[in-house]
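Q: my questions concern the predicted model and sequence given below.
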Amino acid sequence: MSLKQQSEIIAREISTFKARRTLIIAAVIMAAAYVLNFFLPKDTADFGALCTIPALLMIVYIFTTKRIIEALTIGAAVGFIMCSKPGENVIWAFRDSLLNTMMSEDIAWLIIVCGLMGGIISLIERSGGAFAFGQWAAKRATSEKPALLWTWILGCVIFIDDYLNSMTVGSCMASLTDKHKTPREMLAYVCDSTAAPLCVLIPITTWAVFCGRILASNGWTEGGTSEIGIFIKTIPFNLYAWIAALIVPLVIIGAVPKIGPMKKAYQRVADGGPLAPEGSERISILASDRGEENNIPDNPRMFNFFVPIIVLVVSTILFDTQMDMGVLTTLAVMFIMYMAQGIMPASEFWDIIIKGLQNMILPLMLMVMAFVFADMNETIGFTKWCIESATTVMTPATAPMIIFLVLACTEFITGTNWGMYVIALPIIIPLATDIGVSMPLAIGACISAGVFGSHICFYSDATVLTSAACGCDNFRHAYSQMPYGIIAAILSFIGYGILGFVMA
């Protein structure tokens, strides 16, 4: 998309934005929250169903305005008002949450990994590696289906981490799928629904290591079995991951038809509309979408595409699945490679890394605000209340499907799958023991819920990073992916119901 087109879109958004109406709505919401605050219990543990108010408000606001950062900010502010004492300055609570979020190890890790991944992608584009790979793939993928199948296959190969998967595959395959007039929503769906599911089905991934450590630290150990060994026991029961991963190729070949928003996206392109939905250029990290020129070398080589990706995957594995170490190692190798080939001077190398970091600002802002919103939900006791409310109707037979359903809903609202695991798994493990549910089955339902919720959440890390890499507005990506996610979720819910009664 050219700079002129971007300017026209921004000008149109400004002309249609109702600033006064937005201000009035925000003021009314805040005023109502302050009034409600006088009638709430002093202890947040006594809020009960009232703890769902910020989440419901945020969801309604997103669907009404499609402005996600604004919705997260207002939802978090309402939650902090509800938690405060009458007359207390809520800005301090919001500020403390934002400051703690920015100082947390998770956000520092995200800035290092995602920010530098933006730099790596920009460097691969500048080196001509992505261009050379696109030319090579174009000769073998002569239509849309082979192009998308290549995307799916590449996603299966880069299984070590969903961030690495989505960002690498999306950014590298966008030019190829664009040649075949594939809507960006479809590219984002293929990338996103391949990445996270594989991460919970293969035991040597960042997800497996993280979940294994939580399981071991919360008392689920079996005769000295390693953390990864414990996680492996849950893999057969990660039903949503299995089903979601298998649906992707079926959608690509047409066995599962285009439905809902995805069908409309294809119709938009067929009618001569843009490949990316309106507003995608704001989140995209693709040089072509941002109106930036790539000075591709005269003799572009696929070597400059494959070597950085291989180094990234291998070094991440060698450093005990520490992706930040993998990213830093890859940048060091790329510096040596590109300097040795004379592709660019050292000054340009660092300029491109900085530009890649700049391109990741909006995705990182979205994730920061999602973490603040999740922090508010934890303060207000949202996830804990949902789980405790569901336990009153659980039996050994119904527990797996109730766990999946409840945690899928909470993950859709909070948007932090790993954060949900930290809260939910310490509750699920003793719960499964008390009511006599198969531990691998109960934990599999919990892990599956995290994958599903992150897929259809508009501001989850998976959604935001996939949208950035594929050049697709994150609301449109989550919305168009949602029907396929819901299909997989319904089948998973039925599966957990059957397994619950069989294994009870």
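A: Perfect, thanks for sending it.

Q: pLDDT averaged over stretch 239-253 - what is it?
A: Confidence for stretch 239-253, expressed as mean pLDDT, is 94.

Q: put the alpha carbons of the strand or helix carrying residue 424 into CSV.
A: Here residue 424 sits within helix 417-435, counting by DSSP states H and E. Coordinates of the C-alpha atoms in helix 417-435 are reproduced here as CSV (Å, rounded to 0.1, in the frame of the first residue of the first chain):
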residue,chain,number,x,y,z
ASN,A,417,-2.9,-17.8,27.6
TRP,A,418,0.2,-18.3,29.6
GLY,A,419,-1.2,-16.0,32.3
MET,A,420,-4.3,-18.0,32.4
TYR,A,421,-2.3,-21.2,32.9
VAL,A,422,-0.5,-19.7,35.8
ILE,A,423,-3.8,-19.0,37.5
ALA,A,424,-5.9,-22.0,36.4
LEU,A,425,-3.5,-25.0,36.5
PRO,A,426,-2.8,-24.6,40.3
ILE,A,427,-6.6,-24.8,40.8
ILE,A,428,-7.3,-27.5,38.2
ILE,A,429,-4.7,-30.0,39.6
PRO,A,430,-6.1,-30.3,43.2
LEU,A,431,-9.6,-30.1,41.8
ALA,A,432,-9.0,-33.0,39.5
THR,A,433,-7.6,-35.0,42.4
ASP,A,434,-10.5,-34.2,44.7
ILE,A,435,-13.3,-35.2,42.3
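
Q: now do the helix or strand where residue 374 lies against helix 417-435, angle only.
A: Assigned by DSSP H and E, residue 374 belongs to helix 361-380. Counting by axes from the mean of the first three to the mean of the last three CA atoms, to 10 degrees, helix 361-380 lies at 30 degrees to helix 417-435.

Q: list the buried ones in helix 361-380?
A: Within helix 361-380, the residues scored as buried using 16 or more other CB atoms under 10 Å are 362-364, 366-380. Yep, even glycine has a C-beta here, placed from its N, CA and C like the rest.

Q: what do you get for stretch 459-468?
A: Residues of stretch 459-468 classed as buried by neighbour count (16+ other CB under 10 Å): 459, 460, 461, 462, 463, 464, 465, 466, 467, 468.

Q: my read is that the last one contacts residue 282, right?
A: No. Distance between residue 468 and residue 282: 9.8 Å, which falls outside the contact criterion (CB atoms under 8 Å).

Q: list residues touching both of these two?
A: Common contacts of residue 468 and residue 282 (CB atoms under 8 Å, 6 or more residues apart in numbering): residue 362.

Q: mind showing which ranges of the protein have poor pLDDT?
A: For the chain, residues meeting the criterion pLDDT under 70 lie at 1-18, 87, 219-225, 290-295, 504.

Q: need the strands for it, in chain order.
A: Using DSSP state E, no strands are assigned anywhere in the chain.

Q: and the longest helix for it?
A: The longest helix of the chain (DSSP state H) is helix 474-503.

Q: which other helices and strands contact it?
A: helix 184-199, helix 239-253, helix 260-270, helix 399-414, helix 439-456, helix 461-470 (3 or more CB pairs under 8 Å, 6 or more residues apart in numbering; DSSP states H and E).

Q: re the thing from before, alpha carbons of the helix holding residue 374, as CSV, please.
A: This file holds the C-alpha atoms of helix 361-380, laid out as CSV (Å, rounded to 0.1, in the frame of the first residue of the first chain):
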residue,chain,number,x,y,z
ILE,A,361,5.4,-0.5,18.5
LEU,A,362,1.7,-0.9,17.9
PRO,A,363,1.7,-4.7,18.4
LEU,A,364,3.7,-4.2,21.6
MET,A,365,1.3,-1.5,22.8
LEU,A,366,-1.6,-3.8,22.3
MET,A,367,0.0,-6.5,24.3
VAL,A,368,1.0,-4.1,27.1
MET,A,369,-2.6,-3.0,27.4
ALA,A,370,-3.8,-6.6,27.3
PHE,A,371,-1.5,-7.3,30.2
VAL,A,372,-2.8,-4.3,32.1
PHE,A,373,-6.4,-5.5,31.5
ALA,A,374,-5.4,-9.0,32.6
ASP,A,375,-3.8,-7.6,35.8
MET,A,376,-7.0,-5.8,36.6
ASN,A,377,-9.0,-9.0,36.0
GLU,A,378,-6.7,-10.8,38.4
THR,A,379,-7.1,-8.1,41.0
ILE,A,380,-10.9,-8.3,40.7
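
Q: which other helices and strands contact it?
A: Helices and strands touching helix 361-380, by 3+ CB pairs under 8 Å, 6+ apart, are helix 53-65, helix 68-83, helix 90-103, helix 105-127, helix 399-414, helix 417-435, helix 461-470.

Q: just the ones you listed: most buried one?
A: Highest mean neighbour count of those: helix 461-470, a mean of 31 (counted as mean count of other CB atoms under 10 Å).
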